[in-house]
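[1] Show me the folded form of this:
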Amino acid sequence: MPETKTQTVAADKPAVEVVVRDESTALAPFKEKVPPRTFLEKSAADLEHMVAHYPEPARTETIWTQGFCREACQGNLELLRAIAEKLGYSYSRAYFNNVLQGYYFRLRKPREGQKGTSRIEGNPAAWCEIVAALRKHDREMTTQGKLGFIETPTYRFVRSFILEHWAPGAVCKFGGITGPTGAQKSAIFKYLRLLNNHGKMVHFEAPARPSIVAFQRKLAAQYHAKIGNNASAREESIRENVTAEKCIIIDNVQRLYHPHAGADQPVFNYLLELQDDTGATFILSFTDDFFRDDLTAGRAKGYFEQFLGRMGGLSDILRLPAHTPEPDLRAIARAYHLHDGTGALEYLERWSRIDGRIRIVFARLNRAQKFAQLDDRDRITLADLEGADTYQPPSVADDEGGAV
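    Model prediction:
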């Protein structure tokens with residue numbers, strides 16, 4: 001066996017020991033010498049299989065870290081090591097390579113004739129402590145310079161709706177959500193995906209054209225699976241990654257609809273087949289226009305009846321209101337430290353009814369916040385809201401000094 005050394009976590013943390021393999025002589029248990037890797041290159045399914053033997057919660061935390069390394073660190077294990085070091089955890093790149101690729105936390109049994117009891121190789125509790133720090137760092141970096149996501153009543157409705165369809169015993173594994181543009185849908189999906197960033201939930205925009213190849217490429221990319229030109233390899237990679245415990249949120253599903261295909265919709269046919277075969281949960285988000293003109297009317301009405309049935313029927317589709325509800329506006333006002341009085345809410349309500357809806361609300365609140373900061377104030381006043389409401393960008397002057 002190579003030399004090992006013991007490292008202790010930051011001084012202000014409980015003393016826990018982690019056995020770290022020297023980077024130049026990293027060994028995988030029961031295997032020959034394995035050189036330390038620099039990049040995490042395997043697909044999500046392959047990496048999950050490699051840590052299937054890990055005890056909980058180390059397995060779940062490792063799967064989250066695999067995703068964090070791929071997405072936040074572009075797969076660079078050295079960058080992951082550097083981030084952990086800044087957070088007070090100084091371990092070699094080989095250590096992270098071994099943990100993420102399944103070479104740790106195996107159950108070691110005493111050899112025949114030897115005394116002793118079975119033990120877990122390594123220290124799962126210490127690893128979970130490192131991942132907790134990485135999770136906190138990820139949340140802070142995601143919201144840096146921003147107010148952060150506001151958990152409005154609409155968010156809680158959408159979250160409960162998705163979790164209901166995602167539950168293991170759910171009968172309807174398709175969920176439909178409709179609402180106008182600017183109704184918080186995409187922001188809510190992205191936030192939920194951040195909270196569930198361990199490979200179990202993915203969210204992506206439907207491709208711009210109703211092509212099954214384009215759709216498969218975007219779906220496979222969520223799991224870092226093969227997305228080459230070989231259709232069989234691409235399909236195999238998707239089937240390896242899309243399993244019963246996965247939740248897939250597809251935004252702007254109306255783009256997948258081919259208006260001249262009638263009852264022959266290739267991408268929707270594929271979605272039905274994939275869900276039937278895998279048992280995965282699919283949340284489909286679409287616009288009000290698609291819901292009104294295509295899903296429940298038009299040439300493909302009969303075709304989409306099977307989707308409506310799998311969603312629990314027309315009454316089970318979650319329909320977001322045309323304009324931001326007052327409880328949401330009050331939650332937003334409190335988050336910006338505005339008084340609940342009618343003055344501030346009147347601005348927010350009026351802005352929420354302008355084309356762009358909730359995007360206009362946040363854009364003008366952010367502008368009002370900048371006005372307050374220019375006066376070295378922490379709180380937004382009604383005067384700041386009025387300034388944000390009446391602000392217009394300056395005109396571009398021509399060479400003669402006039403506006404063009």
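[2] Kindly report the domain assignment for the chain.
    4-142, 153-319, 326-390 (automatic domain parsing).
[3] and Pro180, how many neighbours?
    16 (other C-beta atoms under 10 Å). Bear in mind the C-beta positions are built from the backbone N, C-alpha and C, glycine included.
[4] Does it touch Phe290 like I think?
    No: at 11.4 Å, Pro180 does not count as touching Phe290 under the criterion of C-beta atoms under 8 Å.
[5] related to what we said a few turns ago, in JSON lines: the domains of the chain, plus mean pLDDT.
    Output for those, formatted as JSON lines (pLDDT from 0 to 100):
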{"stretch": "domain 4-142", "mean pLDDT": "76"}
{"stretch": "domain 153-319", "mean pLDDT": "90"}
{"stretch": "domain 326-390", "mean pLDDT": "90"}
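[6] Next up, the contacts around His359.
    For residue 359 the amino acid is Arg, not His. Contact analysis of Arg359 by C-beta atoms under 8 Å, 6 or more residues apart in numbering lists Gly182.
[7] where does it land in three-state SS?
    Under DSSP: H, G, I helix; E, B strand; the rest coil, Arg359 falls in the helix class.
[8] Over to Pro321?
    Under three-state DSSP, Pro321 comes out as coil.
[9] Which residue comes closest to Val361 once chain neighbours are left out?
    Leaving out its chain neighbours, the residue that sits closest to Val361 by C-beta to C-beta, 6 or more residues apart in numbering is Trp351, at 4.7 Å.
[10] quick one: the strands in the protein?
    Secondary structure of the chain by DSSP state E: the strands cover 4-8, 17-21, 107-108, 119-120, 174-178, 201-205, 247-251, 281-286, 318-319.
[11] what's the closest of the ones you listed to Asn241?
    For Asn241, the closest of these is strand 201-205, at 9.2 Å, according to C-beta to C-beta.
[12] And for Arg59, the neighbour number?
    Applying other C-beta under 10 Å, we find 18 residues neighbouring Arg59.
[13] mind checking how far the residue nearest to Gln101 when sequence neighbours are not counted is from Tyr104?
    Distances taken as C-beta to C-beta, 6+ apart put Met50 closest to Gln101, at 5.6 Å, once the chain neighbours are dropped. When distance is defined by C-beta to C-beta, to the nearest Å, Met50 is 11 Å away from Tyr104.
[14] what does Thr342 give?
    For Thr342 relative to Tyr104 (C-beta to C-beta), the value is 59 Å.
[15] Same question for Ala72.
    For Ala72, the distance to Tyr104 - C-beta to C-beta - is 21 Å.
[16] out of the two, which sits in the busier spot?
    Counted by other C-beta under 10 Å, Ala72 and Tyr104 do not tie: Tyr104 has more neighbours, with 25 against 18.
[17] what sits against the more buried one?
    Counting by C-beta under 8 Å, 6+ apart, Tyr104 makes contact with 54, 98, 121-122, 127.
[18] List just the nearest of those to Ser285.
    Among those, Tyr54 lies closest to Ser285 (C-beta to C-beta), at 33.9 Å.
[19] Next up, the contacts around the spatially closest residue to that closest one that is not a sequence neighbour.
    Of all residues beyond its chain neighbours, the one nearest Tyr54 is Phe105 (4.7 Å), with distances taken as C-beta to C-beta, 6+ apart. Contact partners of Phe105, counting by C-beta under 8 Å, 6+ apart, are 51, 53-55, 58, 99, 120-122, 124, 127.
[20] Please repeat the previous calculation with a cut-off of 7 Å.
    Contacts for Phe105 (C-beta atoms under 7 Å, 6 or more residues apart in numbering) come out as 54-55, 58, 120-122, 124.
[21] Buried members of these into ChimeraX, please.
    Here is the ChimeraX selection string for the buried members of those, based on 16 or more other C-beta atoms under 10 Å:
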select :54,58,122,124
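[22] between the contacts of Phe105, which is nearest Asp264?
    Tyr54 (45.2 Å).
[23] Pretty sure that closest one sits against Thr62.
    Yes: assessed by C-beta atoms under 7 Å, Tyr54 is found in contact with Thr62 at 5.9 Å.
[24] show me the contacts for the residue nearest to Val361.
    360-361, 364.
[25] Which one of those residues is nearest to Val202?
    Closest approach to Val202 among the contacts of Trp351 (C-beta to C-beta): Val361, at 28.0 Å.
[26] Distance of that closest one relative to Thr381?
    Val361 is 17 Å from Thr381, by C-beta to C-beta.
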